[in-house]
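Colleague: Compute the structure for the input listed below.
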Amino acid sequence: MKTKWFYFIIAAIALAADQLTKAWATVSLQSRGSLEVVEGFFRLSYARNRGVAFSLFADSEFETKWVLATISAVAAVAVIYYLGRTAVSSRRLNTALALLLAGITGNLIDRVRLGEVVDFIEFHWADKFIWPTFNLADASICLGAALLALELIREERAASVKAQTSAPAPEEGSVSSSE
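Modeller: Okay, here's the model as predicted:
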């Protein structure tokens, strides 16, 4: 793969999937409320979120729409810049950035258009534990962040191994300063 277009295509597909599923959820679930898919475990439930992840700041009296939209726009530009500067050979990192870009942009579109984000995916355990409702943009951000974390851990380990193997070995009979 000699070009970055592949990663921008991944971002475009993930963004399109997010926007199409949100449109479907709005049409199909808004009036219905929810649709149990796997009894006692998974349902599709229409919700709108003014806040950030896990509905933080959703009940704030402060108008968060443009603050959160601005933060999202800056984050999207930063990810585009970083994606453009990352080596094509760094597949995991480029994939992580593409997913982050798709998720950030998907929720940014909702914030600008609606003032809030459409969520509809809900996991629960017999209604005793309910994971906060989310959408494909959120899932894309989480997956991108996980891939980014794995890549950073891999790079840190590689740097540590390189530092250990490139350090000169102590000469025989020499005394180290820590003894």
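
Colleague: Would you list the phi and psi of Val118?
Modeller: phi -80, psi 120 (degrees, to the nearest 10).

Colleague: looking at it, it is touching Lys22, isn't it?
Modeller: Yes - Val118 lies in contact with Lys22 (C-beta atoms under 8 Å); the separation is 4.3 Å. (Glycine included, C-beta is placed from N, CA and C.)

Colleague: what's the overlap in contacts for these two?
Modeller: Counting by C-beta atoms under 8 Å, 6 or more residues apart in numbering, the contacts common to Val118 and Lys22 are Asp110, Asn135.

Colleague: tell me, what residue is most central in the protein?
Modeller: Ile141 (0.9 Å; C-alpha atoms, centre = their mean).

Colleague: Identify the residues contacting that one.
Modeller: Leu99, Leu100, Gly103, Ile104, Asn107.

Colleague: State the distance from it to Arg154.
Modeller: Ile141 sits at a distance of 20 Å from Arg154 (criterion: C-beta to C-beta, to the nearest Å).

Colleague: Arg43 now?
Modeller: 36 Å.

Colleague: okay, these two: which has more neighbours?
Modeller: Neighbours per residue (other C-beta atoms under 10 Å) separate Arg43 from Arg154, with Arg43 holding more: 21 against 12.

Colleague: hang on, that one in a strand?
Modeller: Yes - with DSSP: H, G, I helix; E, B strand; the rest coil as the criterion, Arg43 is located in a strand.

Colleague: Quick one: the helices in the protein, in order.
Modeller: Ranges of helices in the chain, per DSSP state H, are 5-29, 65-85, 91-114, 136-166.

Colleague: Ok, which of the ones you listed comes nearest Arg48?
Modeller: helix 91-114 (7.3 Å; C-beta to C-beta).

Colleague: buried set for the closest one?
Modeller: 93-111 (16 or more other C-beta atoms under 10 Å).
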